[in-house]
Structures are given as C-alpha cells and as structure tokens.
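Enquirer: here is my input, please return the structure:
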Amino acid sequence: MNAMKIGRRKLVLTLLTILIIGIVIYQVSVLLYTPNETTWKIGTKNYPYIFVNQVGYLANHKKYAIVRTNLNLLNYKYTIRDVIHGTEINATITRDLGAGYGFKHHYLLEFNDLLPGTYVIIIGNATSTPFTVLDYSLFSNLTEDVALFFELNRCGKATKFHEECHIDDGIIYNGPLKGTHVNITRGWHDAGDYLKFTSTIAQTVILLEETLLYGRPKNKTIIVREILWGLDFLEKTWIPEHETLIYMVGNQTDHELGFRLPEEDTLRNRPIYVCEENKGANIAGLVSSALSLGYILQSKSLINESENNWLDIALEVYNFGLRNLEVQENGLGDWIAYPEYGFEDDMALASILLYNITKNQTYYQNAVNFHTEFYQKTDVSTTVSNIFATLHLSENGYESTLPFYGDIEWFWDNANHDPLYYPYDEYFWSSVPAMVSVAVETWAYEKISEDSQYNALIDYIHNYIFGINQWGISFVSGYGNIYPKNLHHQILYLRNITIPGILAEGGAPKSLLEEYGIYILPDDDDPFALFQSNEAFYQDVYWNYITNEPTIRTQAYLIFFISTCLSS
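Expert: Numbers count the residues shown, from 1 in each chain. Coordinates of the predicted model:
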C-alpha cells in the first residue's frame, strides 16, 4: 500500500515538474519572440512598415492595410486611431499573408466595419500615413485630373501645355500610295513620345465611350470633348477613294532624337504607314467600333454632334477588315510598339456594335464567330475589344460568353496566393495598367453573370494602385502622400511641371530594366531601395520608360475604372 502511495506521489511530482518546465519554456519563448520595440529601426527590415490606401477607402468596399516586416508580429496589438476625434479601436494581428518580395512577413490588418472618417494605424512606435474612409466623393476630381493627360498629349492644336505641333503630318511611306501627302493631324501622342498609333487611339476612344454608357463620371463634358477629338483623327485614318487604312504616324526615329517639345520637333511631314496587303482586320475592327459607339452615343443624346458620317465610315472600314483578315502589327519589322493577340476580338466588337445599330443578323453571327475564334486562339482575355465584345454579346442573349471569363479564376487564385494580392504570376512591362484591365474585366464579368464572388479583385487592385504595394507608393501622380514625380514624358520634363491624375506603369523585373540598358540608381540614391526585389523593381526616375511612362490607353482605362468599377 505504501509502495502504491509512493508511486503516485512520484507520478504527481513528475507531472508537476513537467508542467513547471513547460511554463518556464513558454515564458522564455515569449521573452525571446515578443518584439522589443526598442530594437525596431526604421530603414531596416526589422521595422513594421504599414501600407495603406493613401487616397482612401470606399465605405462599402474592402478595407485593409498590410504590414511589411521581418519581425514576428503575430498576436501583437495594434491601434486604429480617429485623428479627428481621438477615439481608438484596439485589435490584434492574427494573419500573415506570408513571405515575398524581400520580406519575411506581410501581416493583414482588416477593418471593413470602419465608419467614414480619417484614421492612422499604430503598431508600437510605427504609425501609418493618415487614410480616409468615405463615399465615392473621394474621387470627385480624379476623372477631370486624369483627362488632363489627353490635353497634354494632344497633337496638332496648341494647348496650355504646348504650342501647335505636327500640322504637316504627313507623307505615306509604304504601299501603292507611297509619297502621297495626307492630312492626319489631331489625335494624341501615344505616350511620352510623339508617335501616334491608330490602334491605341481607337482603344482610348472606345474606353471613354464605354465610360459614358456604363459609368458615372462627374464631368461628362470633358469625356465627350476627348471622344470627339479622337474620332476626328480616326475618321482621317480611312482613305476611301483608295480603300486604304492608316495604322501608324511616325517610326522608331522618334525615339532617336532625344527629348524635345512637340512644337520644336525637327521631324516634318512625318512618315505615315498604311495597312499592308491582306492585313489590317485588327485596326479596322477598332476604328469601326469607335465610330459605331460614337453613332450609338449620338442616338442616345450622350453626344451632340449631329453632323457626322461615323456610321458610313464604320461600315466601310468594317468591310475592309473582312477583306483583310490578318493582323497588322503596330510597328515596322522587328520593332513592335504594342503586341497584338489577334484581330478576332476587334472584329467581334465591331460586328456586335453594328448589329446593335442595324439589327442585321449577319453582323450578330459574325460577332459570335469572331468571338469564338479569338477564345480558341489565345488565353489573353483582357483586351479592350474582348471585354466589351463579350459584354455587348451577352446583352444580346449570347450566354456562352461566360466561360470566356474563366481567366478570372486564375487572377483570383494568383491574388490570393500573393502577399500583396497581385493578380498575375509575375511582373512585366506595364504591370499596373494590366491590373486595371483585370479590374475592368472583373466588373464586366459580374455585370454579365451577377456572380459577385470575385468582386474583391477590384478592391485588391484599387488598394494596390493607391499605396498597398511593395513600395508604399500611390501610382497616380498628385494623389496620396507618395506618388510619381518624375514620369517619363518629354513635355513634363522639359517644362519642369507635374500634373495630377497620371498613372505610372508600375514595377517590372529588375532583369528587364538591365536588358534594356536602363540606368538603375544605386541604393544610396534610391528612396525605395529597402523595398526592391529582383522580381518587382520600381524607381521614380524620368528616364525609365518601362516603369514610369504613361500612355493614353492607360489613362482611359483609369477613367473607366474610377467612373465605373469603383462607382458600382
């Protein structure tokens, strides 16, 4: 009996010893792993960098911040403070989105129930930049500011940013009409240079026109003004007496002359290029679509331009496309300015728009056929033409358009496995504008299907663009605390001016910059050095045309995104 009691006592003592040792180990582990704020040092990765949407969160959308750090902050406390009223909300860090882009941790701080107001987030001795929660009035001026870029890039007529330019454009340099002078003034310079591409001008016009159809821009007059400016150019690209379509004004020589103001451009009677034999369905589809949308907007009294022949030209150019069912590349030889993924999406959009106008069943069937062929040809679903061809087809009862948006599942999966919710599986030239196209496609998918399960993609992209990214920068000039000030644009650089509302291209692989011989600032001169990684690299310097050059199509995408996707 005594032996049994002794055995029980030993067992109890052993268990108590194990418990005490466990408690000691736990206390030691807490001491070892609880961050010591006195050791946190800004400028190193052992500091919590709290990235927020610097422009502001919409009250009815997802709201979160991401903390980039190498510190172990799980179960650490943080505070959300109302900077106006001083009230505070205390919470605990519970979710780590994982390692990536040179940091071990990306902690997610969610505050979806936060009421309208102005706040900061505090973690230890680290404080975020102030951020706002508000309704759509957050973006009350942004559309007008974005549209300033079109005035900046206008070709021909003088603007407040430059004098009259390129009024002698130009001389045809190829085909049977080589040497012929034609009037191809107006339109917009494509980017920071002075080239003009029929394709990107048409895509820009289409995005602005679709904004009038589906969005709620604060100032429609500005949108209409730019649509008319673009349509005037597109009309001139068609030379009816020779059944010839212009696809480009200028060539790579433009890039070789260095920075100059457009009115000082030494290139006179600039070279004009017409679609080559049997080619041009992609250009024709875009031009026809833009002109047809202009006609539709006129019929809906959204544009007041009664004296026009947009429909007649749209029909002629469309038929040119049917006769020349090959792609016309945007460039010459090995020099391609913009890649093409086919002509079928462009002709599908042109077809369904002409069907909407004429109710001719041939156009509807052509639209279905072209759309199906494009889907079979490529997995790039986010082209301007494909997004809106799919939308307009669905509005006419074509239900099999929905599977085309299976691509959104891929974007969704990528975003939810990325510590910053980036929707692609790698970075590339023009990564941020590509994100905007994903948001537009997501909006269209939801409108067609009434399936809102992917709606958070729009919020991920909205928050990324305005500050929750690797560098904590708002990629729209003039918006947020940190934004691009040295865009790759000749007029901005030479005039030493900045204007708000310009969307930069965003991060790209460092190897791509090296491949193109772009000078990279040393770490000591780079304010973003701590946040750079080989897979995503960004520097705010005027000479970097890969990460910092704005384009007209990008601006039009941004207007649609703000006026439509975020206003829904």
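Enquirer: per-domain residue ranges of this protein.
Expert: For the chain, automatic domain parsing gives the domain ranges 49-134, 168-340, 398-568.
Enquirer: doesn't residue 121 make contact with residue 83?
Expert: No - using C-beta atoms under 8 Å, residue 83 and residue 121 do not qualify as a contacting pair, with a distance of 10.9 Å. Using the backbone N, CA and C atoms, a C-beta is placed for each residue, glycine as well.
Enquirer: element containing residue 209?
Expert: For residue 209, the element it lies in under DSSP states H and E is helix 198-214.
Enquirer: with residue 349 instead?
Expert: Secondary-structure assignment from DSSP H and E places residue 349 in helix 344-358.
Enquirer: okay, residue 83 and residue 121: which has more neighbours?
Expert: Applying other C-beta atoms under 10 Å to residue 83 and residue 121 shows that residue 121 carries more neighbours, namely 24 against 13.
Enquirer: which strand residues bridge the more buried one?
Expert: Counting by DSSP bridges, residue 121 forms beta bridges with residue 80.
Enquirer: in contact with it: list those residues for me.
Expert: By C-beta atoms under 8 Å, 6 or more residues apart in numbering, the residues touching residue 121 are 50, 52, 65, 78, 79, 80, 81, 109, 127, 128.
Enquirer: what helix or strand is the first one on?
Expert: Put plainly, it is residue 50. Here residue 50 is covered by strand 49-51, with elements defined by DSSP H and E.
Enquirer: can you classify the residue minimising distance to the centre of the chain as helix, strand or coil?
Expert: Nearest residue to the geometric centre of the chain (C-alpha atoms, centre = their mean): residue 433, 2.4 Å. When states are read from DSSP: H, G, I helix; E, B strand; the rest coil, the local structure at residue 433 comes out as helix.
Enquirer: equivalent analysis for residue 514, please.
Expert: The three-state assignment at residue 514 reads helix, by three-state DSSP.
Enquirer: equivalent analysis for the one 10 residues further on, please.
Expert: Here residue 524 is recorded as helix under three-state DSSP.
Enquirer: same check, this time on the one 3 residues further on
Expert: Three-state secondary structure (criterion: three-state DSSP) places residue 527 in coil.
Enquirer: for it, which non-adjacent residue is closest in space?
Expert: Leaving out its chain neighbours, the residue that sits closest to residue 527 by C-beta to C-beta, 6 or more residues apart in numbering is residue 540, at 7.9 Å.
Enquirer: distance of that neighbour from residue 417?
Expert: As defined by C-beta to C-beta, to the nearest Å, residue 540 lies at a distance of 28 Å from residue 417.
Enquirer: higher neighbour count, the two?
Expert: Neighbours per residue (other C-beta under 10 Å) separate residue 540 from residue 417, with residue 540 holding more: 20 against 13.
Enquirer: what kind of secondary structure is that one in?
Expert: coil.
Enquirer: just checking, it touches residue 488?
Expert: No - the pair formed by residue 540 and residue 488 falls short of the contact definition of C-beta under 8 Å, at 10.3 Å.
Enquirer: okay, and the common contacts of those two?
Expert: residue 548.
Enquirer: quick one, what contacts the residue nearest to residue 527?
Expert: Counting by C-beta under 8 Å, 6+ apart, residue 540 makes contact with 473, 484, 485, 486, 504, 527, 528, 548.
Enquirer: tell me how many other residues surround the third one.
Expert: When neighbours are defined as other C-beta under 10 Å, residue 485 has 13 of them.
Enquirer: help me confirm that it comes into contact with residue 498.
Expert: Yes - using C-beta under 8 Å as the test, residue 485 is close enough to residue 498 to be in contact (5.9 Å).
Enquirer: name the helices or strands packed onto the helix holding residue 209?
Expert: If you count contacts as 3 or more C-beta pairs under 8 Å, 6 or more residues apart in numbering; DSSP states H and E, helix 198-214 packs onto helix 220-236, strand 244-249, helix 281-299, helix 384-394, helix 552-560.
Enquirer: tilt between that helix and helix 552-560?
Expert: For helix 198-214 against helix 552-560, the angle between stretch directions is 10 degrees (axes from the mean of the first three to the mean of the last three C-alpha atoms, to 10 degrees).
Enquirer: ok and helix 198-214 relative to helix 384-394, angle-wise?
Expert: Orientation check (the same axes, to 10 degrees): helix 198-214 against helix 384-394 gives 40 degrees.
Enquirer: list the buried residues for helix 198-214?
Expert: Buried residues in helix 198-214, counting neighbours by 16 or more other C-beta atoms under 10 Å, are found at 198-212, 214.
Enquirer: residue 430: neighbour count?
Expert: When neighbours are counted by other C-beta under 10 Å, residue 430 registers 20.
Enquirer: and it, what does it touch?
Expert: With contact taken as C-beta under 8 Å, 6+ apart, residue 430 is in contact with 505, 506, 554.
Enquirer: how many residues are close by the first one?
Expert: Close neighbours of residue 505, defined as other C-beta under 10 Å, add up to 27.
Enquirer: that one touches residue 433, doesn't it?
Expert: Yes - taking contact to mean C-beta under 8 Å, the distance of 6.5 Å between residue 505 and residue 433 places them in contact.
Enquirer: which parts of the stretch 1-150 of the chain are strands?
Expert: Under the criterion DSSP state E, counting those that start in this stretch, the stretch 1-150 of the chain contains strands at 49-51, 57-58, 64-69, 77-82, 88-92, 105-110, 117-123, 126-127, 131-134.
Enquirer: relative to residue 167, which of those strands is closest?
Expert: Counting by C-beta to C-beta, residue 167 lies closest to strand 57-58 out of those; the figure is 44.2 Å.
Enquirer: quick one: contacts of the closest one?
Expert: 63, 114, 131, 132, 133, 134, 135, 136, 138, 462, 463, 566.
Enquirer: and for the fourth one, the neighbour number?
Expert: For residue 132, the count of nearby residues is 17 (other C-beta under 10 Å).
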